[in-house]
Structure formats: structure tokens, C-alpha cells
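A.B. asks: Everything below, folded, please.
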Amino acid sequence: MASSPSSPRFYSGLATGFCSTVGADFFIKSIYIWLLLHVLLHCWSCSKEALEISAKLLEANPESYTAWNYRKLAVEHNLKQSESDPGSVKSVLSEELKVQKMHGRPRKAPKPEDTAASAAKAEKLRALQSQLLHNHHNRIYTKEALEISAKLLEANPESYTTWNYRKLAVEHNLKQSESDPGSVKSVLSEELKVVENSLKHNFKSYGAWHHRQWILSKGHSSVDHELQLLDRFQKADSRNFHAWNYRRFVAALKGISDEEELKYTTKLIEANFSNYSAWHNRSVLLSRLLQNKVQGSFPKEKVLVEEFEFVHQALFTDPDDQSGWFYHLWLLDQTVKSETPLLVSSWPAHGSDIIISADGCLDGCAFSPFTSFISDAGTFPLILYFNEVVEGVSSSTVTVKSMFNANKDLIWEPLATSNSCAAQVWVTHLNVPDGKLHPSTAYPIDVHLGNPQGIVSSNGSHCSHPSQFAFTVSVQPLNSEHAEKQGGKEMILWRDVNFRFYDAHIQESSLIVYFDLLSIEKDHEPAASKWHARILANEIALVRQLLSEIDCKIGKLTLAQLLTAHDAMMPYMAPHSHKKVHFAEVLQLYGDLIELDPMHHQYYKEALSMTLFQQRVWEGCSLCAIGAGAAKKVTSNVENLLKHCWHHRVSSSSSVSDSTCLRLNNLSLSRIGCVKHLLWVQMLDLSRNELRSIDGLEALQLLSFLNLSHNKLSSFTALQPLRLLKLLKVLDISYNEIGAHPIDTRRYLCSSPLSHTVGSDWNFNEFVPEDAKVTNYWEAFAIFRGLNLTQLDIVGNAVTDEKFKSFLFKVLPTLKWLDGEELH
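C.D. replies: Numbers count the residues shown, from 1 in each chain. I've put the predicted structure just below:
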């Protein structure tokens with residue numbers, strides 16, 4: 001099956017969550033199909049996302065007539081839109097043919113005689129199913145009853161109820177025959193024959209393969225026969241992922257080494273470079289070998305170089321086949337990722353002198369947005385940012401030495417939007433003793449990952465490199481005169497007139513420590529980075545050579561990813577360099593792809609947005625301009641970052657001290673990238689972009705003021721990270737698309753608040769108007785409940801009406817301003 005470039009993005013959400021388990025749980029598969037159909041019916045549009053949903057539904061259930069009819073309507077619509085462009089017409093029809101040929105099973109319109117035969121088959125199935133249900137409910141497991149179930153499975157191998165019935169029958173018969181080994185073997189052998197007959201009719205039946213695995217797990221069966229059976233099925237369809245999943249199970253059962261299985265994938269790939277399933281199985285095997293450091297699989301550099309050379313044969317033989325390219329992408333990920341979890345950023349940063357003020361008055365202090373923190377909560381956060389998701393961060397693995405708290409009293413929390421014990425970012429809070437600190441004293445705090453082995457990544461790797469950083473904290477005393485002026489705090493306005501350019505009157509060059517001087521054991525990095533960079537440089541040269549000979553979209557995408565990875569290596573190769581050497585070329589490549597492949601333009605725009613966010617600067621270039629080759633080269637250093645820092649004054653006549661706002665508005669951002677260098681931000685303007693998600697913002701624990709207006713946020717689900725921002729006071733989500741869509745498809749791509757925030761203390765009915773539709777309020781309640789907002793702007797969204805505003809008054813009792821009006 002030819003995978004689209006958007007597949008990784010789609011799989012990272014819904015498909016990864018379900019597809020990874022469908023082979024092991026019938027119930028999960030049924031939910032998967034139901035969700036896809038549910039989404040398709042409620043977002044009846046011809047958008048790329050809807051077409052992807054229909055393709056996934058047909059992959060899971062090719063007999064979905066609703067999905068096929070939907071695609072006919074979508075094709076007619078898209079052909080009408082593209083009738084003046086022969087290239088687009090051809091693209092639409094070619095894409096449809098790919099879906100039609102999914103898994104090598106082309107779909108044809110039924111003939112009249114086929115329709116009659118289908119009707120007769122359905123009648124026979126109904127009769128068999130009626131008898132089966134009768135036997136099932138009455139727990140009848142006679143030979144005749146089992147023959148009926150076997151006939152039903154031969155006609156319809158996807159009958160989950162029938163497979164479950166046979167499991168109960170097998171358990172019953174095994175219990176009756178447990179004293180007779182011959183009878184036990186006979187029962188299981190008969191069951192294997194039933195499964196094999198079912199697979200002959202549909203060798204991609206989830207139920208049949210899972211039932212066969214269940215039988216083998218009982219023991220008493222020959223594993224050698226299973227390998228012979230697999231050979232037959234894989235010759236019929238070498239990309240049958242059901243058979244590959246089962247092969248991994250059988251190999252483990254028989255004790256076949258990963259090295260032997262690796263040789264088997266080599267054999268199949270050499271016979272057919274387009275065997276995506278063999279490439280995938282190769283990645284699974286190599287992952288285990290590299291992780292377990294099996295003798296002969298190291299050094300890692302040697303393994304990766306050999307694998308790159310192997311996949312080059314596929315790429316240069318057929319550049320348009322995507323199987324090899326996706327394996328190449330996996331190899332790239334193995335090349336650039338660290339072998340163990342590392343602490344890469346923190347707030348406060350190493351060597352910083354933090355000034356904490358309860359009233360926002362920093363008179364007499366050298367003000368800097370990087371080192372000043374305003375909080376009236378009597379606490380301040382300590383944030384750890386790792387290079388990947390980890391668990392095990394606690395007072396036993398992280399030691400904090402300070403006069404503020406005893407280390408054993410600190411509670412570390414993962415900043416995850418689901419109820420997970422793992423996260424990339426962790427936070428704890430240190431108390432500031434009220435009235436016991438001398439304002440002229442800088443109090444030292446030392447943080448040490450003293451037992452990093454207890455910090456573990458999702459793949460089981462331990463944090464084996466100790467990390468340490470230190471900073472000081474000074475507390476600014478309460479200014480009674482300033483507090484009096486602050487008593488009637490004014491509404492925050494996001495107009496341009498309220499901002500003035502940041503004047504870097506202090507020595508900001510010293511702030512480079514916030515990016516690279518975190519005290520981490522990096523002795524291993526330079527040597528490792530040399531071979532990493534060498535591999536990347538070689539791959540860049542080869543892909544450029546290939547693109548000089550043939551115009552290949554996925555080749556351009558791979559080159560963009562290689563160049564991005566190479567630039568990410570630069571700080572390790574040249575520690576004081578933040579220059580993105582290939583930034584302009586990467587922008588150009590994504591711009592070209594947007595024009596060459598409009599079908600997947602949203603995927604390319606999101607990748608482009610991530611690149612732009614990493615730079616945090618775009619000097620006036622729009623996406624369209626980039627497509628025309630007008631990108632400008634910029635660098636990600638402190639000077640460029642300060643270009644986006646602005647002083648904010650509540651009003652021109654206000655005497656209230658300035659806040660510093662990081663303005664990343666009007667940049668056409670559709671996604672938020674890595675925020676490890678933005679942990680200091682307390683005021684953020686992301687307005688007038690194209691954001692559909694704000695995932696990642698949960699790491700900005702100092703954030704108090706946030707402007708998300710004029711974006712493309714389609715639901716409250718998209719605002720889920722806000723629940724973790726306990727200091728957030730001002731929020732502007734006006735003029736988005738909340739409530740404009742009949743169904744929120746993001747609910748199925750990401751975890752919903754409904755899945756993990758329900759609590760017995762939620763008196764939801766007390767907040768919702770009596771005649772209101774509960775579903776219109778539930779997710780808003782899940783997001784806003786617990787926030788201490790004083791100002792909220794939500795005007796310009798379809799969900800907003802007087803009833804909803806009344807609901808907000810109740811959910812947010814601290815609210816003082818709503819849509820620009822002061823509440824009394």
C-alpha cells in the first residue's frame with residue numbers, strides 16, 4: 001500500500017492509538033471502524049482530512065458502501081473544482097485509483113448475478129447466525145453446534161461473536177478432556193483447521209489471526225507448521241501485515257533469533273523492494289537489536305551505515321516507491337535521536353539570578369524578561385525539560401538543595417494532557433517564605449539529577465548522564481504604593497498601540513546561557529555528533545544527486561528533513577553557533593512541495609510551521625511568498641529573539657510597570673514547535689496565525705497572559721494544554737472557529753478531556769442552563785474548570801451566545817472582564 005506523506009501525522013494521532021492494537025483486541029477494532037464512520041458521517045465534506053478518514057475506514061473495512069459512495073461524491077466535487085486544470089484532474093483520479101487498489105484488492109461494480117448471489121449468501125448467513133446465537137446463549141457445544149459455527153466462519157471470517165463462541169467451546173472441551181492428552185491435541189488441531197479454512201476465504205481477517213494466536217498460546221501445537229503456513233500466505237501477499245504480526249508471535253514462541261529474522265526480511269526485500277511490511281519488520285527487529293546491544297549489532301554507526309547503503313538500492317531503483325523512503329526516514333530518526341534521555345533545558349536556567357516580585361514592581365532591579373518573575377502565589381515553579389518523554393522524576397531521582405523546601409517535600413508532576421505518569425516536561429513548586437527573606441540577599445539553589453537511572457524513557461532507556469545546574473533567587477519586597485496603584489488593575493489590551501519595541505539596555509549577550517550552558521554531562525556528545533553529522537552529510541549529498549536526475553516529491557520531503565536534522569546538529573558541532581545553515585533551502589523545499597502536491601498541502605504547511613517556530617523569526621514572508629522563492633535567511637540567536645520581545649503597557653496613561661511580551665503573531669504558524677528555549681515567557685501573543693492546536697504550551701508554566709485570537713482553533717478540545725497553566729490570568733481566544741463545525745474531528749485524533757477528567761466532585765449540572773444542550777458545554781467546562789482567569793475574550797466564535805456567557809460567569813468566578821466588558 002502506498003502511504004501518503006501525511007500518514008505519519010495521521011498515525012501519530014488516531015491510527016497509532018487503534019491500529020497498534022487491532023490485531024490483539026476485536027473490541028478495539030470495532031471501535032476504530034465505528035469512530036471512523038462516525039467522523040465521516042458528521043464531517044461530510046471533501047476536505048483532505050475527510051478523504052483520509054474515508055481511506056482509513058476502507059482499509060479497515062473494504063465493505064463499507066457508505067465510504068465508497070462518499071468517495072464517489074468527493075471525486076465528482078473535486079473534478080468539478082479542477083476541471084480547468086488537467087494536472088489536478090489527473091491527480092484526483094490517480095489518488096482514487098490508489099485507494100481502489102489498497103492492499104492489492106481492486107474494487108469493481110457488482111454484476112446482476114453477483115448481486116443475486118450476495119442476497120442468497122446473506123440469507124444463508126442469517127440462518128446460520130440465528131442458530132449460532134441460540135447455541136451461544138444456551139451454552140451448547142456439541143459437535144453439530146461447532147459445525148454450524150465453522151460454516152458461519154467459512155462464509156464470514158469477520159464474525160467476532162462466532163470466534164468468541166468457539167473460544168468458550170474450546171475451553172469447555174479442554175476441561176472435559178484435560179486427563180487425556182490425545183483429546184486435548186485433537187481439540188486444538190480441529191480448531192486450527194477451522195481457522196485455516198477461514199483464512200483461505202479472507203487471509204486478512206483480524207478475528208481469524210487472533211484466534212489462531214490464542215490457540216497456539218495454549219501449547220500442544222506444532223510451531224513448525226505455522227511457519228509453513230505463513231510462507232504460503234506471504235507468497236500470496238507479501239505485504240499482509242496480519243501475517244507479519246503473527247510471524248513475530250511465532251518467532252518469539254519458537255525462539256528464532258532477531259538476527260535470523262533480519263536475514264529473512266533481507267531475502268524478501270531483495271525479491272521486492274516495494275515490500276513495505278518487510279521494511280517495517282526490519283525496523284522492529286533492528287530497534288530491539290540496537291536497544292539490547294546484541295553482540296554483532298554494534299557499533300551503532302556501523303549498523304546504520306550498512307542499513308543506509310541497503311536502502312539506497314531501493315531508492316535509486318525506484319525513486320517513486322515510498323516503502324524504501326519511509327524506512328530511510330526511520331533510519332534518519334535512529335541517527336539523530338539520543339540513545340538515552342537527556343535534560344536539555346530548565347527554568348530557572350543554569351547560572352541565572354532570578355528576581356521574584358509579588359506585585360510586579362521591580363524598581364531598582366535590572367529588569368529582564370528572562371530572569372524576572374511576577375507571582376502573588378508565594379511559590380515559583382522549577383521546570384525540567386527533557387529531550388523525550390520520561391517517567392520516574394521524583395525527589396529520589398532529582399535533588400534540590402535550597403532553604404525554601406526540604407527535598408523530600410517536593411512533589412514532581414508530569415506536564416501531560418492525559419492522566420499519564422510520563423511527560424517530556426516536569427514541574428515542581430518551591431515555596432517562598434513570607435517576610436523571612438532579606439531583599440538584598442541572593443539565595444542559592446542547586447538542582448542535581450543524582451540518581452538518573454530512575455528516570456526512564458518510553459522505550460526503556462535510562463537517563464545515564466548526570467545533570468546539574470544552579471541559580472540564585474532574590475525576592476523583591478512588597479511596595480505598598482505600587483500595590484495601591486495596582487488595586488484597580490486595568491484590562492489587558494492587545495492593540496499595537498499598547499506595545500513598544502523592546503530596548504535591550506542590559507547586556508543581553510549574557511543570556512545565551514539560557515540556550516546552551518545548562519550544566520549537563522556532554523563529554524559524549526561531540527564524538528557522537530561527528531559520526532551523526534558525517535552520516536547526515538552523506539545522505540544529503542546522495543538525495544541531492546537523486547533529485548538532480550528525477551523530480552521526486554518524497555525525495556524533496558526527505559531532503560528537507562535531512563537538512564533540518566543537520567542544522568539541529570550544529571550547536572553540538574560548534575557550541576556557540578545557532579546558525580541554521582540550510583534554513584532558507586528548507587523553506588524553499590516545503591514551498592515547492594505545497595505547490596507540487598496540493599493534496600497534502602496541510603502536512604507540508606505544518607512541517608513548514610515547525611521550522612519557522614524553531615527560528616522564531618519570519619521577516620515579513622508569507623507562505624505564498626515562500627512558494628515563489630522569496631524566503632529570507634535568519635538566525636535563531638538572542639538578538640533575533642529580542643526582535644520579537646515588546647514592552648506592553650496597559651494604557652498610554654498607565655503608571656503600571658511594563659510587562660514583556662513575546663509576539664509571534666502574523667507568522668502563518670499552524671503548529672507550535674519545541675518550546676524548550678521559551679520557558680521564561682510570561683506574556684505570549686500568537687494571534688493571527690493558523691493554529692489548530694496549542695500542544696506544547698503546557699510547558700510554559702510562567703505564562704500569565706496569552707493571546708490566541710484569529711486562529712483556526714475549532715473546539716475547546718484544542719485548548720486542553722491550558723488546564724496545566726495554573727498561573728494563566730488573561731486569555732483571548734476570540735475569532736476562532738469554536739462551535740463552527742458539526743463535529744470536532746480532533747477529538748478522535750487526540751485524547752479528549754472526556755476520557756480522563758471526569759470526577760465525582762464535578763457538579764456539572766449546576767453550571768449548565770436548564771434548556772441547554774449538555775454536549776455544547778461539557779468540554780468548555782472540562783477546560784475552564786479550575787482556571788483562575790480574570791479576563792477572557794471569546795467573541796467571534798460560533799459557540800458564543802448569552803446562555804454560554806452566563807455559563808462562563810459560573811465556571812470562572814474570578815472573571816472580571818468578558819469580551820471587553822467589565823463584570824459587576
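A.B. asks: Distance from the chain centre to stretch 677-691, please.
C.D. replies: Remark: stretch 677-691 is offset 20 Å from the chain centroid, using CA atoms, centre = their mean, to the nearest Å.
A.B. asks: element containing Lys726?
C.D. replies: Assessed by DSSP states H and E, Lys726 sits outside every helix and strand.
A.B. asks: Need the phi and psi values for it.
C.D. replies: With angles defined as degrees, to the nearest 10, Lys726 sits at phi -70, psi -20.
A.B. asks: Over to Leu536?
C.D. replies: Dihedral angles for Leu536 - degrees, to the nearest 10 - are phi -60, psi -40.
A.B. asks: Hmm, it is touching Asp567, no?
C.D. replies: No. Using CB atoms under 8 Å, Leu536 makes no contact with Asp567, being 9.7 Å away. (Each C-beta comes from the backbone N, C-alpha and C, glycine too.)
A.B. asks: burial of Ser357, as a residue count?
C.D. replies: Per other CB atoms under 10 Å, the neighbour tally for Ser357 reads 23.
A.B. asks: no no, Ala117
C.D. replies: Ala117 has 12 neighbours, counted by other CB under 10 Å.
A.B. asks: what's the answer for the one 10 residues further on, then?
C.D. replies: Other residues within reach of Ala127 by the criterion other CB under 10 Å amount to 12.
A.B. asks: next one: Asn245
C.D. replies: By other CB under 10 Å, the residues close to Asn245 number 19.
A.B. asks: thought it was touching Trp209?
C.D. replies: Yes. Contact criterion CB under 8 Å: Asn245 and Trp209 qualify, at 7.2 Å.
A.B. asks: check which helix or strand covers Glu171.
C.D. replies: helix 160-176.
A.B. asks: should've said Tyr385
C.D. replies: Counting by DSSP H and E, Tyr385 is part of strand 379-391.
A.B. asks: what pairs with that strand, and is each one parallel or antiparallel?
C.D. replies: strand 343-347 (antiparallel), strand 422-431 (antiparallel), strand 456-457 (antiparallel) (DSSP bridges).
A.B. asks: Quickly compare those and say which is most buried.
C.D. replies: Mean neighbour count (mean count of other CB atoms under 10 Å) peaks for strand 343-347 among these, with a mean of 24.
A.B. asks: which element follows that strand toward the C-terminus?
C.D. replies: Next element after strand 343-347 (DSSP H and E): strand 353-357.
A.B. asks: Mind exporting the C-alpha coordinates of that next one to PDB?
C.D. replies: The C-alpha coordinates for strand 353-357 follow below in PDB (Å, rounded to 0.1, in the frame of the first residue of the first chain):
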ATOM      1  CA  ASP A 353      19.800  35.300  39.100                       C
ATOM      2  CA  ILE A 354      16.000  35.200  39.400                       C
ATOM      3  CA  ILE A 355      14.100  38.100  40.900                       C
ATOM      4  CA  ILE A 356      10.600  37.300  42.300                       C
ATOM      5  CA  SER A 357       8.100  40.100  42.800                       C
END
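A.B. asks: Which SSE is immediately downstream of that strand?
C.D. replies: Moving toward the C-terminus from strand 353-357, the next element (DSSP H and E) is strand 372-374.
A.B. asks: so what does that next one touch, helix or strand wise?
C.D. replies: Counting contacts by 3 or more CB pairs under 8 Å, 6 or more residues apart in numbering; DSSP states H and E, strand 372-374 packs against strand 353-357.
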